[in-house]
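Enquirer: sequence unavailable; structure follows:
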(Lines give C-alpha, C1' and ligand atoms only; values in the text may rest on other atoms or scores of the structure.)
Protein backbone atom coordinates (compact mmCIF):
# COMPACT_ATOMS: atom_id res chain seq x y z
CA UNK A 1 0.00 0.00 0.00
CA UNK A 2 1.40 3.45 -0.86
CA UNK A 3 2.55 5.74 1.92
CA UNK A 4 -0.09 8.30 2.97
CA UNK A 5 1.99 11.25 1.76
CA UNK A 6 2.78 9.90 -1.71
CA UNK A 7 0.53 11.55 -4.29
CA UNK A 8 -0.84 9.83 -7.34
CA UNK A 9 1.08 10.88 -10.44
CA UNK A 10 -2.16 12.16 -12.00
CA UNK A 11 -3.19 14.46 -9.16
CA UNK A 12 -2.98 18.21 -9.72
CA UNK A 13 -4.14 21.18 -7.67
CA UNK A 14 -4.95 23.62 -10.46
CA UNK A 15 -8.57 24.56 -9.71
CA UNK A 16 -7.76 27.35 -7.21
CA UNK A 17 -10.52 26.00 -4.94
CA UNK A 18 -10.76 22.75 -2.98
CA UNK A 19 -14.09 21.86 -4.59
CA UNK A 20 -12.71 22.21 -8.14
CA UNK A 21 -9.52 20.30 -7.34
CA UNK A 22 -11.84 17.54 -6.10
CA UNK A 23 -13.89 17.68 -9.32
CA UNK A 24 -10.62 17.30 -11.23
CA UNK A 25 -9.73 13.93 -9.69
CA UNK A 26 -10.53 12.26 -13.01
CA UNK A 27 -8.45 11.71 -16.12
CA UNK A 28 -10.90 13.70 -18.20
CA UNK A 29 -14.50 14.03 -19.26
CA UNK A 30 -15.97 13.58 -22.72
CA UNK A 31 -19.45 13.99 -24.11
CA UNK A 32 -21.10 10.89 -25.60
CA UNK A 33 -20.22 10.51 -29.27
CA UNK A 34 -22.50 12.47 -31.54
CA UNK A 35 -24.10 14.49 -28.76
CA UNK A 36 -24.27 18.27 -28.60
CA UNK A 37 -23.63 20.38 -25.47
CA UNK A 38 -26.90 20.78 -23.59
CA UNK A 39 -28.20 21.35 -20.04
CA UNK A 40 -29.14 17.67 -19.52
CA UNK A 41 -25.64 16.46 -20.47
CA UNK A 42 -24.04 13.30 -19.12
CA UNK A 43 -20.29 13.63 -19.72
CA UNK A 44 -18.33 10.40 -19.25
CA UNK A 45 -15.21 9.97 -17.10
CA UNK A 46 -12.18 8.61 -18.94
CA UNK A 47 -10.29 7.60 -15.77
CA UNK A 48 -11.21 7.76 -12.08
CA UNK A 49 -8.26 8.81 -9.92
CA UNK A 50 -10.14 8.06 -6.68
CA UNK A 51 -11.01 4.39 -7.19
CA UNK A 52 -11.13 3.47 -3.49
CA UNK A 53 -11.30 5.01 -0.03
CA UNK A 54 -7.54 4.79 0.42
CA UNK A 55 -7.08 6.97 -2.66
CA UNK A 56 -9.68 9.43 -1.37
CA UNK A 57 -7.85 9.60 1.94
CA UNK A 58 -4.43 10.10 0.33
CA UNK A 59 -5.80 12.78 -1.98
CA UNK A 60 -7.32 14.55 1.04
CA UNK A 61 -3.85 14.65 2.58
CA UNK A 62 -2.34 15.82 -0.71
CA UNK A 63 -4.91 18.65 -0.85
CA UNK A 64 -4.28 19.54 2.83
CA UNK A 65 -7.84 18.69 3.86
CA UNK A 66 -6.73 16.03 6.35
CA UNK A 67 -3.65 16.20 8.55
CA UNK A 68 -1.21 13.24 8.42
CA UNK A 69 -1.96 12.21 12.02
CA UNK A 70 -5.69 12.30 11.34
CA UNK A 71 -5.23 10.37 8.10
CA UNK A 72 -3.54 7.56 10.02
CA UNK A 73 -6.52 7.33 12.38
CA UNK A 74 -8.97 7.36 9.48
CA UNK A 75 -7.00 4.65 7.72
CA UNK A 76 -7.19 2.41 10.77
CA UNK A 77 -10.90 3.06 11.11
CA UNK A 78 -11.51 2.33 7.42
CA UNK A 79 -9.74 -1.02 7.79
CA UNK A 80 -11.98 -1.92 10.72
CA UNK A 81 -15.14 -0.74 8.98
CA UNK A 82 -14.84 -1.54 5.29
CA UNK A 83 -18.57 -1.16 4.44
CA UNK A 84 -18.72 2.29 6.07
CA UNK A 85 -15.67 3.43 4.11
CA UNK A 86 -17.26 2.15 0.90
CA UNK A 87 -20.41 4.16 1.64
CA UNK A 88 -18.35 7.31 2.12
CA UNK A 89 -16.55 6.66 -1.16
CA UNK A 90 -19.87 6.40 -2.99
CA UNK A 91 -20.94 9.68 -1.37
CA UNK A 92 -17.69 11.27 -2.52
CA UNK A 93 -18.25 10.12 -6.10
CA UNK A 94 -21.83 11.39 -6.02
CA UNK A 95 -20.71 14.77 -4.64
CA UNK A 96 -17.90 15.07 -7.17
CA UNK A 97 -20.21 14.50 -10.14
CA UNK A 98 -22.83 16.86 -8.71
CA UNK A 99 -20.19 19.57 -8.32
CA UNK A 100 -19.01 19.03 -11.88
CA UNK A 101 -22.49 19.29 -13.35
CA UNK A 102 -23.35 22.36 -11.27
CA UNK A 103 -20.02 23.96 -12.18
CA UNK A 104 -20.41 23.26 -15.88
CA UNK A 105 -23.98 24.55 -15.84
CA UNK A 106 -22.77 27.79 -14.25
CA UNK A 107 -19.97 28.13 -16.81
CA UNK A 108 -22.35 27.54 -19.71
CA UNK A 109 -25.23 29.58 -18.31
CA UNK A 110 -27.50 26.54 -18.12
CA UNK A 111 -30.11 25.91 -15.41
CA UNK A 112 -28.62 24.35 -12.30
CA UNK A 113 -29.56 20.65 -12.17
CA UNK A 114 -32.03 20.27 -9.31
CA UNK A 115 -30.92 16.77 -8.32
CA UNK A 116 -27.27 17.85 -8.12
CA UNK A 117 -28.17 20.94 -6.11
CA UNK A 118 -29.95 18.64 -3.66
CA UNK A 119 -26.80 16.50 -3.32
CA UNK A 120 -24.65 19.56 -2.59
CA UNK A 121 -27.21 21.07 -0.22
CA UNK A 122 -27.32 17.84 1.78
CA UNK A 123 -23.54 17.74 2.11
CA UNK A 124 -23.36 21.44 3.03
CA UNK A 125 -25.93 20.97 5.80
CA UNK A 126 -23.98 17.96 7.09
CA UNK A 127 -20.76 19.99 7.11
CA UNK A 128 -22.27 22.96 8.91
CA UNK A 129 -23.58 20.71 11.65
CA UNK A 130 -19.94 19.79 12.30
CA UNK A 131 -18.84 23.40 12.88
CA UNK A 132 -19.03 25.75 15.81
CA UNK A 133 -18.04 29.34 16.50
CA UNK A 134 -15.10 30.01 18.82
CA UNK A 135 -13.76 33.30 20.18
CA UNK A 136 -10.28 34.41 19.13
CA UNK A 137 -8.56 37.69 19.96
CA UNK A 138 -10.63 40.43 18.28
CA UNK A 139 -12.61 38.03 16.10
CA UNK A 140 -14.72 34.88 15.87
CA UNK A 141 -13.71 31.80 13.91
CA UNK A 142 -15.25 28.47 13.05
CA UNK A 143 -13.70 25.16 13.96
CA UNK A 144 -14.63 21.54 13.42
CA UNK A 145 -16.40 19.84 16.30
CA UNK A 146 -14.51 16.80 17.52
CA UNK A 147 -16.16 14.06 19.54
CA UNK A 148 -12.91 12.16 19.94
CA UNK A 149 -13.52 9.75 17.08
CA UNK A 150 -12.43 10.44 13.48
CA UNK A 151 -15.22 10.63 10.93
CA UNK A 152 -14.65 8.75 7.69
CA UNK A 153 -16.49 11.45 5.75
CA UNK A 154 -14.76 14.47 7.28
CA UNK A 155 -12.84 15.33 4.09
CA UNK A 156 -16.18 15.93 2.36
CA UNK A 157 -17.08 18.78 4.72
CA UNK A 158 -14.53 21.38 3.54
CA UNK A 159 -15.17 20.35 -0.07
CA UNK A 160 -18.90 21.01 0.23
CA UNK A 161 -18.37 24.34 2.02
CA UNK A 162 -15.81 25.35 -0.59
CA UNK A 163 -18.37 24.69 -3.34
CA UNK A 164 -21.09 26.66 -1.55
CA UNK A 165 -18.71 29.59 -1.09
CA UNK A 166 -17.49 29.57 -4.70
CA UNK A 167 -20.82 29.03 -6.43
CA UNK A 168 -22.38 31.80 -4.37
CA UNK A 169 -19.61 34.37 -4.90
CA UNK A 170 -18.56 36.81 -7.62
CA UNK A 171 -15.59 34.53 -8.34
CA UNK A 172 -17.94 32.14 -10.10
CA UNK A 173 -17.82 34.55 -13.06
CA UNK A 174 -14.16 33.59 -13.53
CA UNK A 175 -14.79 29.84 -13.37
CA UNK A 176 -13.86 28.12 -16.63
CA UNK A 177 -13.55 24.69 -18.17
CA UNK A 178 -10.28 23.59 -19.72
CA UNK A 179 -10.33 23.79 -23.50
CA UNK A 180 -8.24 20.64 -23.87
CA UNK A 181 -9.65 17.70 -25.80
CA UNK A 182 -11.20 15.15 -23.41
CA UNK A 183 -10.08 17.11 -20.35
CA UNK A 184 -13.04 18.97 -18.89
CA UNK A 185 -11.28 20.10 -15.70
CA UNK A 186 -12.71 23.19 -14.00
CA UNK A 187 -10.73 26.08 -12.55
CA UNK A 188 -11.05 29.66 -11.37
CA UNK A 189 -9.06 31.94 -13.65
CA UNK A 190 -6.97 34.05 -11.28
CA UNK A 191 -4.75 35.59 -13.97
CA UNK A 192 -4.68 39.38 -14.17
CA UNK A 193 -6.33 39.63 -17.59
CA UNK A 194 -8.48 36.49 -17.15
CA UNK A 195 -7.11 34.92 -20.33
CA UNK A 196 -6.38 31.44 -19.00
CA UNK A 197 -7.72 28.69 -21.29
CA UNK A 198 -6.14 25.49 -19.99
CA UNK A 199 -5.94 23.52 -16.77
CA UNK A 200 -2.16 23.62 -17.25
CA UNK A 201 -0.20 25.17 -20.09
CA UNK A 202 2.38 22.40 -19.79
CA UNK A 203 -0.31 19.78 -20.34
CA UNK A 204 -3.43 20.63 -22.33
CA UNK A 205 -1.99 23.95 -23.51
CA UNK A 206 1.05 22.35 -25.13
CA UNK A 207 -1.05 19.59 -26.65
CA UNK A 208 -3.26 22.22 -28.25
CA UNK A 209 -0.21 24.04 -29.62
CA UNK A 210 1.07 20.80 -31.14
CA UNK A 211 -2.31 20.10 -32.73
CA UNK A 212 -2.46 23.60 -34.21
CA UNK A 213 1.09 23.26 -35.57
CA UNK A 214 0.30 19.92 -37.23
CA UNK A 215 -2.93 21.33 -38.66
CA UNK A 216 -1.02 24.23 -40.24
CA UNK A 217 1.55 21.85 -41.70
CA UNK A 218 -1.14 19.69 -43.24
CA UNK A 219 -2.88 22.77 -44.62
CA UNK A 220 0.35 23.97 -46.27
CA UNK A 221 0.95 20.55 -47.83
CA UNK A 222 -2.53 20.56 -49.32
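Expert: Great, that's in hand. No experiment lies behind these values; they were computed from the predicted model shown.
Enquirer: surely residue 187 and residue 12 touch.
Expert: No - contact criterion CB atoms under 8 Å: residue 187 and residue 12 do not qualify, at 10.0 Å. From N, CA and C alone the C-beta is placed, and that goes for glycine too.
Enquirer: tell me, what's touching the two both at once?
Expert: Applying CB atoms under 8 Å, 6 or more residues apart in numbering, one finds that residue 187 and residue 12 are jointly contacted by 24, 199.
Enquirer: out of these two, which sits in the more crowded spot?
Expert: residue 187 (24 against 18; other CB atoms under 10 Å).
Enquirer: so which residues of the chain form helices?
Expert: Assigned by DSSP state H, the chain shows helices spanning 18-23, 53-62, 68-80, 82-108, 114-129, 156-167, 206-221.
Enquirer: which of those sits most buried?
Expert: Among the helices of the chain, helix 18-23 has the highest mean neighbour count (mean count of other CB atoms under 10 Å), at a mean of 25.
Enquirer: which residues are contacting it?
Expert: Residues lying outside helix 18-23 but in contact with it, judged by CB under 8 Å, 6+ apart, are 12-15, 59, 63, 65, 95-96, 99-100, 103, 158-160, 162-163, 166, 175, 185-188.
Enquirer: so what's residue 104 up against?
Expert: Contacts for residue 104 (CB under 8 Å, 6+ apart) come out as 41, 43, 110, 177, 186.
Enquirer: now do residue 195
Expert: Residue 195 makes contact with residue 189, according to CB under 8 Å, 6+ apart.
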